[in-house]
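J.: What shape does this take:
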Amino acid sequence: EMRRFMENYPVIRNADNKNGLWKLAVRGFWSDKRKAKKIILSISFSILLANTFYAMVKGFDAKTYIGRQLDADYTIAKTAFFHDVAAREKETLTKEELRGDLPSAGILAEGGAAACYVNIPMSREAWVLYDQIVGKDNLNNKEGNMLTYLYGLDDIMVDKLVVKEGEVDTQLYHSGDYVLIDALNDNGAACFAPGDKLTIPFSTGKEKVYTVMAVVELPYNLSYQTKYAASSNLFLPMTEWQEQTGREDYYLYTYDVKEEEQQVWDNAFSQLVRENKTLEYKSAQTASEEAKEYVSQLKLVGVVLSMILVCIGLMNFVNCMSNSIHSRRREFAILESMGMRKAEIIGVISIQGLLYMAGSLILGLLLAVPGVYIFIKKIWNVSYLQYSFYPELYLLFGAVGIVMAIFVPWICFFIVDRKEDFLTRIRACAE
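T.: Residues are numbered from 1 along each chain as shown. Next up is the predicted model:
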């Protein structure tokens, strides 16, 4: 029986003792290439996924995230402004709603912003330039007109504008004869330049000619957070906007407050929104809570997805090792009859398990190291996520992989050896 068995494996037969064990393990490893690929791919992708989410959680900069969310210490608006774009025009804010029990101490600056839509007539020259810039991206405007939002800004908002072209002379701007505009697109192109004249028709029936003072950008968190496609928003001083539109509402109102008074203001705003459910506010405190929620969601998604792939890989590994040992039980019995100890047989199948895990870890490392960098720096590319290499998770996967590679084959062999004795396994599956 031994001669007949060994004649099928001349490479193993002719090898010395050390190489023979190694080649037995390699032969077992390649005996089912399809399962081997499944194990290696599922575990390596779980390493990639787990390290991606781990790097995102560890590299999350809460201070930068909070700074990005806030352009004022406190911003208050109707709940619809933050959550329902369609209801923003109907859900506006009045100063009476803010008077409540808000403290007066510690205010450095306060003010708000208002907005309405207008249809601006354009000269032939302005329209030609507009058409050259926008082209087929124009979805709303008919020739000679530009549908856009007209903002009214208090001084605190004007101070937060980012100037792209020209200069903002605050004294001249408040004269009521000048208007600021923003760019048509992300490239900073505008169809009106500083010094150009434009006419604004108001819903009240009034009409007035303004001089463009500068091209500016209003920070997104302070803007209406929606814009007509391929249009330039217009910005008037709040007093001029209110006079021409006949309105005194705001879509949001902001406060900058001394740091030592901010806890008092946090308590006051919390009380205000509890009493008036239609209001919502943003502050460093609420942004900090959002940051914690953001991190906890990253952890949850990362753990769940990684565990699913790890479990699939480990189940494939256990299934593959169990089937391999069961199908080779006669082979192991013959090797045992030749004088090979059970410890050596367990060593062979443990090496086979280590080969699976080594392949998974090496491929996982090759995928994860550049993959995590590319995802965070090139694809996600946000200022509040900082990339760094974290070796601890790779070491954890390595340690778990080694433990599984040693103990799973040992347990599977122990179960087979316990169910069938030596002679039964030799007589089984007669060829």
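
J.: Direction included, what does the stretch of helix or strand Y151 belongs to pair up with?
T.: Taking DSSP states H and E as the definition, Y151 sits inside strand 145-153. Strands adjacent to strand 145-153 in the sheet, as given by DSSP bridges, are strand 107-121 (antiparallel), strand 234-237 (parallel).

J.: What helices and strands are in contact with the helix or strand just after that strand?
T.: Scanning the chain past strand 145-153 towards its C-terminal end, the next helix or strand to appear is helix 155-159 (assignment: DSSP H and E). Contacts defined by 3 or more Cβ pairs under 8 Å, 6 or more residues apart in numbering; DSSP states H and E place helix 155-159 against strand 107-121, helix 170-173, strand 252-257. (Glycine included, C-beta is placed from N, CA and C.)

J.: which residues touch helix 155-159?
T.: Contacts of helix 155-159 with the rest of the structure, by Cβ atoms under 8 Å, 6 or more residues apart in numbering, involve 72, 109-113, 168, 170, 173, 218, 222, 235, 237, 254, 256.

J.: next one: it to chain centre, how far?
T.: Helix 155-159 has its average C-alpha position 31 Å from the chain's average C-alpha position, going by Cα atoms, centre = their mean, to the nearest Å.

J.: one step back: highest mean neighbour count out of the strands paired with strand 145-153?
T.: The highest mean neighbour count among the strands paired with strand 145-153 belongs to strand 234-237 (a mean of 24), with neighbours defined as mean count of other Cβ atoms under 10 Å.

J.: Just checking, which helix or strand succeeds that one along the chain?
T.: Past strand 234-237, heading to the C-terminal end, the next element that is a helix or strand (DSSP H and E) is helix 238-245.

J.: what's the distance between I351 and I402?
T.: I351 sits at a distance of 12 Å from I402 (criterion: Cβ to Cβ, to the nearest Å).

J.: So which of the strands paired with strand 145-153 is nearest M146?
T.: When those are compared by Cβ to Cβ, strand 107-121 sits nearest M146, at 4.6 Å.

J.: Now do the closest one, average pLDDT.
T.: Strand 107-121 shows a mean pLDDT of 92.

J.: same check, this time on stretch 89-99
T.: Averaged across stretch 89-99, the pLDDT comes to 78.

J.: before we move on, what about stretch 208-223?
T.: For stretch 208-223, mean pLDDT rounds to 93.

J.: can you give me the offset of it from its chain's centre?
T.: Centre-to-centre, stretch 208-223 and its host chain are 31 Å apart (Cα atoms, centre = their mean).

J.: Quick check: buried residues in that stretch?
T.: Neighbour-count burial for stretch 208-223 flags K208, Y210, V212, M213, A214, V215, V216, E217, L218, N221, L222, S223 (criterion: 16 or more other Cβ atoms under 10 Å).

J.: Quick check: T199 vs I181, distance?
T.: Following Cβ to Cβ, the distance that separates T199 from I181 is 13 Å.

J.: Those two: which has the busier surroundings?
T.: With neighbours defined as other Cβ atoms under 10 Å, T199 and I181 compare such that I181 has more, 28 against 12.

J.: Does the more buried one touch L236 like I think?
T.: No - I181 is not in contact with L236 according to Cβ atoms under 8 Å; the separation is 10.7 Å.

J.: residues contacting V408?
T.: For V408, the residues meeting the contact criterion (Cβ under 8 Å, 6+ apart) are F317, V318, M321, G353.

J.: so the third one is in which element?
T.: Per DSSP H and E, M321 falls inside helix 284-327.

J.: helices and strands of this protein: which one bottoms out on pLDDT?
T.: When the helices and strands of the chain are scored by mean pLDDT, DSSP states H and E, helix 10-14 comes last with a mean of 46.

J.: Residue ranges in this protein under the pLDDT threshold?
T.: Low-confidence segments of the chain, defined by pLDDT under 70, are located at 1-21, 99-100, 136-140, 422-431.

J.: Setting aside sequence neighbours, what's the nearest residue to the most centrally placed residue in it?
T.: Of all residues in the chain, the one closest to the mean position by Cα atoms, centre = their mean is W380, 6.3 Å from it. Using Cβ to Cβ, 6 or more residues apart in numbering and skipping residues adjacent in sequence, the residue nearest W380 is M56, 7.7 Å away.

J.: The one you found: helix or strand, and which one exactly?
T.: Per DSSP H and E: helix 33-58 holds M56.

J.: Next, the angle from the strand holding Y151 to helix 238-245.
T.: Relative orientation of strand 145-153 and helix 238-245, computed by axes from the mean of the first three to the mean of the last three Cα atoms, to 10 degrees: 130 degrees.

J.: Going by neighbour count, which residues of strand 145-153 are buried?
T.: Within strand 145-153, the residues that count as buried by 16+ other Cβ under 10 Å are M146, L147, T148, Y149, L150, Y151, G152, L153.

J.: what's the closest of the residues you listed to T64?
T.: In terms of Cβ to Cβ, no member of the buried residues of strand 145-153 lies closer to T64 than L153, at 26.6 Å.

J.: Which residues are in contact with that closest one?
T.: The neighbours of L153, taking Cβ under 8 Å, 6+ apart as the test, are G111, A113, L161, L218, F235, L236, P237, M238, W241.

J.: ok, now how distant is it from D421?
T.: 89 Å.

J.: Spell out the secondary structure type for Y387.
T.: Assigned with DSSP: H, G, I helix; E, B strand; the rest coil, Y387 falls in the coil class.

J.: give me the number of residues near it?
T.: By the other Cβ under 10 Å criterion, the neighbourhood of Y387 contains 17 residues.

J.: Please tell me how far it sits from A62.
T.: Distance from Y387 to A62, by Cβ to Cβ: 16 Å.

J.: before we move on, what about G195?
T.: Here the criterion is Cβ to Cβ. By it, G195 lies 44 Å from A62.

J.: And those two? Which one has more around it.
T.: Neighbours per residue, other Cβ under 10 Å: of G195 and A62, the larger number sits with A62, 15 against 9.

J.: List the residues that contact E261.
T.: P103, A105, G106.
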